[in-house]
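Participant: I need the structure of the sequence given here:
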Amino acid sequence: MSLDLTAQEVDEVWTEALSHPASQESPEESGEFVQTDPFDPLDVSWLHPSETGQGTTRSLQLREGLDLKIFDAPLSYESSAAEPETLCDAVEFHFHIQGHHEDGLTQVGDREFCIYGSGLHPQHCLYSPEQQSLEVWLHVQTEALRSILADESGELPREVVHWVRSAEEQRYARVGKMTPPLERVLWEVVRCPCQGRLKRLFLEGKVLELLSLMMGWEQAIQGRRAVEVPARTRERVHFARELLLQNLHKPLTLAELAQRSQLSESALKRGFKQEFGMTAFDYLLNYRLEQAREMLERGTMQVAEVMTAVGLKNRSYFAAAFRQKFGQNPKQYQQQFWQ
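Facilitator: Numbers count the residues shown, from 1 in each chain. Down below sits the predicted model:
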């Protein structure tokens, strides 16, 4: 059996449990917090009650503004209503050794990770299939992040400055694939054998390694983007984009786009990715979904009509793609504007 809680309900469980001492019942039967490390009162684990499946969520406060959680339990959830827009004042890293979830900004699967910056998290639905999950979550308050990474003037490195955004901006979110060095560090965190101060020193060192790997990953992405696209190629790539958008109902193949844009297929693929950060057909899908969102907000068309208007034919595919991007099915999204 799986744990079926929304993000808000999880927060309520933690708040309630921390405000009451552990009972005398078997922890596995009642579901409660216990002190994981007898030498560290800030290292506690939630023992999930037996009816939800055996598992633990371990929480460690390493220093002010620097928290680590290790989730190892069965899990499934799907929001029946959209989670509200929230303001987040921390940078969060979710490392999925095993497990899958979707929210309003990302879809993260097995052996993937996500970086969430500070700022506004849009209204969204949560979804995770029934599964066994093993995840490491790192929460770093913005001031703690500055104390670790900022220079003498208090400025963050350019590679990560976009992690911290204002209260009016949507938070940054990006998903990446695990690498062997990253997996090694995560397993060392999960299997840390130490206790007390030695454990804290060990885990803080691992957190710094994780931040270093994330910073290097961002640096590599920006380095790829910095590759200059020749002026003629850029002009041809933008022409290809216009062709793509002019043919929503009968998309051109890559070969046709390349031929009409006077580029080789490889040059078109490479140039499109450098200019727009995604493939031509990912760009087309993103454009279709944005157009669909605007039509649904206007409320003058049914979902099936909107799907047809943006050039899509498979309703299941449309619903899945829309939910992945906006966190809700098209009908749910429309209903919040026109009830």
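
Participant: Show me the shaky parts of the stretch 1-150 of the chain.
Facilitator: For the stretch 1-150 of the chain, the stretches with pLDDT under 70 are 1-31, 50-53.

Participant: how about a cut-off of 50?
Facilitator: 1-7, 10, 13-30 (pLDDT under 50).

Participant: And the strands in it, which stretches?
Facilitator: 32-37, 40-47, 56-63, 66-78, 86-88, 90-98, 101-102, 107-108, 112-116, 119-121, 127-141 (DSSP state E, counting those that start in this stretch).

Participant: Adjacent strands (with direction) for the first one?
Facilitator: Strand 32-37 pairs in its sheet with strand 40-47 (antiparallel), by DSSP bridges.

Participant: send the alpha carbons of the partner strand over as PDB?
Facilitator: This file holds the C-alpha atoms of strand 40-47, laid out as PDB (Å, rounded to 0.1, in the frame of the first residue of the first chain):
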ATOM      1  CA  ASP A  40      21.800  14.700  17.500                       C
ATOM      2  CA  PRO A  41      18.300  16.000  18.400                       C
ATOM      3  CA  LEU A  42      18.100  17.700  15.000                       C
ATOM      4  CA  ASP A  43      18.200  14.300  13.200                       C
ATOM      5  CA  VAL A  44      14.800  12.700  13.300                       C
ATOM      6  CA  SER A  45      12.800  10.200  11.200                       C
ATOM      7  CA  TRP A  46       9.200   9.800  10.500                       C
ATOM      8  CA  LEU A  47       8.300   6.100  10.600                       C
END
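
Participant: about what we covered before: so which of the strands of the stretch 1-150 of the chain is nearest Phe202?
Facilitator: Phe202 lies closest, by C-beta to C-beta, to one member of the strands of the stretch 1-150 of the chain: strand 56-63, at 10.3 Å. All C-beta spots, glycine's among them, are computed from the backbone N, C-alpha and C.

Participant: helices and strands around that closest one, which ones?
Facilitator: Applying 3 or more C-beta pairs under 8 Å, 6 or more residues apart in numbering; DSSP states H and E, one finds that strand 56-63 makes contact with strand 40-47, strand 66-78, helix 196-225.

Participant: change it to 6 Å
Facilitator: strand 40-47, strand 66-78 (3 or more C-beta pairs under 6 Å, 6 or more residues apart in numbering; DSSP states H and E).

Participant: Make TSV out of those and add mean neighbour count and distance to Cys125.
Facilitator: Listed next are the helices and strands packed on strand 56-63 as TSV, based on neighbours: other C-beta atoms under 10 Å; distance: least, C-beta to C-beta, whole Å:
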stretch	mean neighbour count	distance to Cys125
strand 40-47	18	24
strand 66-78	20	7
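
Participant: As JSON lines, those strands with distance to Met278 would be great.
Facilitator: Below are those laid out as JSON lines (distance: least, C-beta to C-beta, whole Å):
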{"stretch": "strand 40-47", "distance to Met278": "39"}
{"stretch": "strand 66-78", "distance to Met278": "27"}
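
Participant: Nearest to Phe239 among those would be which one?
Facilitator: By C-beta to C-beta (comparing all of the helices and strands packed on strand 56-63), the closest turns out to be strand 66-78, at 42.6 Å.

Participant: quick one: the closest one to helix 196-225, angle?
Facilitator: 70 degrees (axes from the mean of the first three to the mean of the last three C-alpha atoms, to 10 degrees).

Participant: what's the angle from strand 66-78 to strand 127-141?
Facilitator: Using the same axes, to 10 degrees: strand 66-78 against strand 127-141 is 160 degrees.
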